[in-house]
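Novice: what's the 3D shape of this:
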Amino acid sequence: QTLPQRLETRLRDRIPGESVHVVNAGWESSSPLLGLRLLRDVGEQYRPDLVLYALDMTDFRDDLQYENLLERPGIYALAGLAPATLLAASRFSRGTPLFESVFRMPSDRFFIVNQPLTESRPWMESTWSHLEALDRESASFGARFAVLVLPRNFQYSDRESPRSWEADAYDPQGPWIHEPFRFLEEKAADASFPVVSLLPAFQRTLVFPTCFVGDPHWTPGGADVAAQA
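Specialist: Sure thing, here's the model as predicted:
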């Protein structure tokens with residue numbers, strides 16, 4: 001009932017006689033940086049024709065966090081020595097001007113939709129560099145690469161997930177909710193790989209609901225909308 005299985009089913013119907021397999025290599029709270037590390041480790045063993053990265057709206061901040069934890073600059077040196085202290089400092093300073101300078105990332109997980117692109121762009125460049133690296137890694141074993149940009153429900157509907165646990169993290173009618181798509185459209189103009197936004201498909205669809213009542217993730221119907229797109 002998820003996107004990979006729905007996509008495989010549709011492709012097999014569309015290309016009869018071909019052996020089509022869609023392998024889901026994603027996991028909860030992954031990001032392009034972690035996907036890149038996985039692709040380097042096991043990608044070639046699968047010999048894929050095409051590598052698709054499904055880019056989520058929270059991937060930009062997750063990427064910054066994982067990058068800091070891996071490289072351990074500044075205060076992140078505590079990650080291996082006193083992780084509880086690092087976590088306490090992070091929680092204590094969250095939402096203050098001190099957070100960004102000390103923790104080298106925005107405190108707001110949804111910063112990309114809660115502020116103008118002029119403020120978000122410098123933080124988003126890291127994720128773009130990881131997508132470019134995913135493209136190069138895919139090419140190294142003969143696979144094509146593409147990015148699918150997955151919208152959150154508030155970016156295309158005011159009816160979805162009325163009791164979502166993350167509803168207070170953003171303004172669903174805010175002026176910047178489509179800024180990530182602007183950023184990626186700019187980047188796609190010069191990219192060596194396709195960047196495909198699924199936002200138009202969800203804006204057009206008559207399927208409802210595409211997400212669960214209390215959870216922003218897709219229903220089987222939402223996954224099918226994405227697979228068709």
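Novice: Would you enumerate the residues in contact with the most centrally placed residue in the chain?
Specialist: For the chain, the residue nearest the mean C-alpha position is residue 56 (2.3 Å; CA atoms, centre = their mean). The neighbours of residue 56, taking CB atoms under 8 Å, 6 or more residues apart in numbering as the test, are residue 150. Any C-beta I mention is one placed from the backbone N, CA and C, and that applies to glycine too.
Novice: Counting neighbours, which bits of the helix ranked longest in the chain end up buried?
Specialist: Determined from DSSP state H, the single longest helix within the chain is helix 117-140. Within helix 117-140, the residues that count as buried by 16 or more other CB atoms under 10 Å are 117, 120, 123-124, 126-128, 130-135, 137-138.
Novice: still on that earlier bit, next one: the residue nearest to the centre of the chain from residue 216, what distance?
Specialist: Residue 56 sits at a distance of 10 Å from residue 216 (criterion: CB to CB, to the nearest Å).
Novice: what does residue 126 give?
Specialist: From residue 126 over to residue 216 (counting by CB to CB), the distance is 24 Å.
Novice: Equivalent analysis for residue 112, please.
Specialist: Applying CB to CB, the value for residue 112 to residue 216 is 15 Å.
Novice: Between those two, which has more neighbouring residues?
Specialist: Between residue 112 and residue 216, counting by other CB atoms under 10 Å, residue 112 is the more crowded of the two (27 against 17).
Novice: Okay, and the more buried one sits in which element?
Specialist: helix 111-114 (DSSP states H and E).
Novice: Show me what the mean pLDDT comes to for that helix.
Specialist: For helix 111-114, mean pLDDT is 97.
Novice: Count the neighbours of residue 9 for me.
Specialist: When neighbours are counted by other CB under 10 Å, residue 9 comes out with 14.
Novice: That one: what's it in contact with?
Specialist: residue 227.
Novice: what distance separates the strand or helix carrying it from the middle of the whole chain?
Specialist: Taking DSSP H and E as the criterion, residue 9 maps to helix 3-14. Remark: helix 3-14 is offset 21 Å from the chain centroid, using CA atoms, centre = their mean, to the nearest Å.
Novice: That helix: what's the following helix or strand?
Specialist: Once the chain leaves helix 3-14, the next helix or strand it forms, by DSSP H and E, is helix 32-46.
Novice: Give me the residues contacting that next one.
Specialist: With CB under 8 Å, 6+ apart as the test, helix 32-46 has contacts from 23, 25-26, 51, 53, 55, 59, 63, 66-67, 70, 126-127, 130-131, 133-134, 137-138, 140-141, 143.
Novice: Name every strand pairing with the helix or strand following it and say which way it goes.
Specialist: Downstream of helix 32-46, the next assigned helix or strand under DSSP H and E is strand 50-55. Note on strand 50-55: by DSSP bridges, its sheet partners are strand 144-149 (parallel).
Novice: List the buried residues of the strand it pairs with.
Specialist: Buried-residue list, strand 144-149, by 16+ other CB under 10 Å: 145-149.
Novice: can you pull the pLDDT of residue 130?
Specialist: 98.
Novice: what sits against it?
Specialist: Taking CB under 8 Å, 6+ apart, one finds 31-33, 35-36, 63 in contact with residue 130.
Novice: rerun that using 10 Å as the cut-off
Specialist: Contacts for residue 130 (CB atoms under 10 Å, 6 or more residues apart in numbering) come out as 31-37, 53, 59, 63, 66-67.
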